[in-house]
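Chemist: Sharing a sequence plus its predicted fold:
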Amino acid sequence: MSFSSSSTGRGGAIGGAAFSPLYKQIKALLVQSLHAGEWKPGESIPSELDLAARFQVSQGTVRKAIDELAAENLLIRRQGKGTFVATHHEAQVRYRFLRLTPDNPENTQRAQSTILECSRQKATQEIARLLEIRTGDALIYIKRLMNLGNRPSVIDEIWLPADVFKGLTSEVLIHNKGPLYGLFETKFGVSMIRAEEKIRAIAANAQVADFLNVSEGFPLLQVDRVSYTYGDRPMEIRRGLYLTDQYHYRNSLN
C-alpha cells in the first residue's frame, strides 16, 4: 500500500507569536486551551468579554479569533446560547469528514457500519512515516463496511497508534452506536480536527467486489486520508473504497 500527505497560557499574547497579528495570537492561545482540555467537546467556552479580560485585548480581537476557529469547525456558535467546542457527535461536525453525497437529495438515510475486523498489527515503514511513529510500533487495524441507504457502499481500512487507543476492541466498536470519531473523542480523548486526502479511481478486486455486491473490476473511488488532532499530530490513517454510481464526492473550496 502507498499513501502520501501533502506559547503561552493565561497571560497576554506574547512570545514566539509576537510577529503575528494580535487576533492570530489569541487564536493560538485558544487552540492551546482546547488542546489542553480546558474546555471539553460540547462544552461552552467563556464569553468574548471574559476572554478579552483574560488576554487583555479588545472584544473585537477575541471575536475575530473565534470567527476563524468557527470557520475551521473547532468551535460552534449558537445564537443566543454562546460558543461551544465542536464535537463529532454533532452532525455539523460529523459529516464534514464524510464527503459522499447522494445524487438524489431525498436519499438521506443514515450510514450504518458493520465491523469486519479489529486486530493488532505492526507499523510498516510507510504507515510509521505518516503517523510519525517508529517502524514496527503497535497499531490497531479496523476494517468496516458502511451501508448507505441499506446498500453496501464503503469499505474502510483504518490504522491507529495502539498506545493512544488502548482498550479499543471489536466489542467496543460493535457496541458503539455513534460516529467513530465521536467514540475516539469521548473514550480516548482524541479529537480529529483536520484531514488530508488523496483521491483516485480504481477497479474493485474480487474480495472488495464481493463485499460491495458488485462485479469484479467495477469502478470505485479510493480515498486515502491522514487525520490530525491538536498540535498537528497525525492520529489516523484511513483508506476508503467508495461506490459512486448513486453517490458523488463533494467538496467546497473556499
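Modeler: Cool, the structure landed.
Chemist: tell me, how many neighbours does residue 66 end up with?
Modeler: Neighbours of residue 66 under the rule other CB atoms under 10 Å: 21. Glycine gets a C-beta too; all of them are placed from N, C-alpha and C.
Chemist: so what's it up against?
Modeler: Applying CB atoms under 8 Å, 6 or more residues apart in numbering, one finds that residue 66 lies in contact with 30, 48, 75, 77, 83.
Chemist: do that again at 6 Å, thanks
Modeler: Residues near residue 66 by CB atoms under 6 Å, 6 or more residues apart in numbering: residue 83.
Chemist: Please report phi then psi for it.
Modeler: Main-chain dihedrals, residue 66, degrees, to the nearest 10: phi -70, psi -40.
Chemist: Just the pLDDT at it, thanks.
Modeler: With respect to pLDDT, residue 66 scores 94.
Chemist: what's the answer for residue 83, then?
Modeler: Looking at residue 83, the pLDDT reads 93.
Chemist: Surely it touches residue 43?
Modeler: No - counting by CB atoms under 6 Å, residue 83 does not reach residue 43; the two are 10.2 Å apart.
Chemist: So which of those two has more stuff around it?
Modeler: residue 83 (19 against 10).
Chemist: All the helices of the protein, residue numbers only.
Modeler: Using DSSP state H, the helices of the chain run over 22-36, 48-55, 59-71, 91-94, 125-131, 170-175, 180-188, 206-212.
Chemist: weakest of these by average pLDDT?
Modeler: Ranked by mean pLDDT, the helices of the chain end with helix 91-94 at the bottom, a mean of 57.
Chemist: Relative to residue 225, how far out is residue 218?
Modeler: 22 Å (CB to CB, to the nearest Å).
Chemist: neighbour count winner among these two?
Modeler: residue 225 (20 against 16).
Chemist: Quick check: closest non-adjacent residue to the more buried one.
Modeler: residue 238 (4.3 Å; CB to CB, 6 or more residues apart in numbering).
Chemist: burial of that neighbour, as a residue count?
Modeler: Residues within reach of residue 238, counting by other CB under 10 Å, total 20.
Chemist: residue ranges with poor pLDDT in this protein?
Modeler: For the chain, the stretches with pLDDT under 70 are 1-18, 91-99, 105-109, 252-254.
Chemist: can you rerun that using 80?
Modeler: 1-19, 88-111, 149, 247-254 (pLDDT under 80).
Chemist: Just list whatever residues bridge to the residue nearest to residue 225.
Modeler: Here residue 238 shows beta-bridge partners residue 158, residue 225, assigned using DSSP bridges.
Chemist: Let the chain start at 37 from now.
Modeler: Okay, residue one is now 37; in that scheme the one you just asked about reads as residue 274.
Chemist: That one and residue 177: what is the separation?
Modeler: 11 Å.
Chemist: wait, which of the helices of the chain is closest to residue 190?
Modeler: Closest to residue 190 of the helices of the chain is helix 242-248 (CB to CB; 8.4 Å).
Chemist: Tell me which residues of that closest one come out buried.
Modeler: Within helix 242-248, the residues that count as buried by 16 or more other CB atoms under 10 Å are 244, 245, 247, 248.
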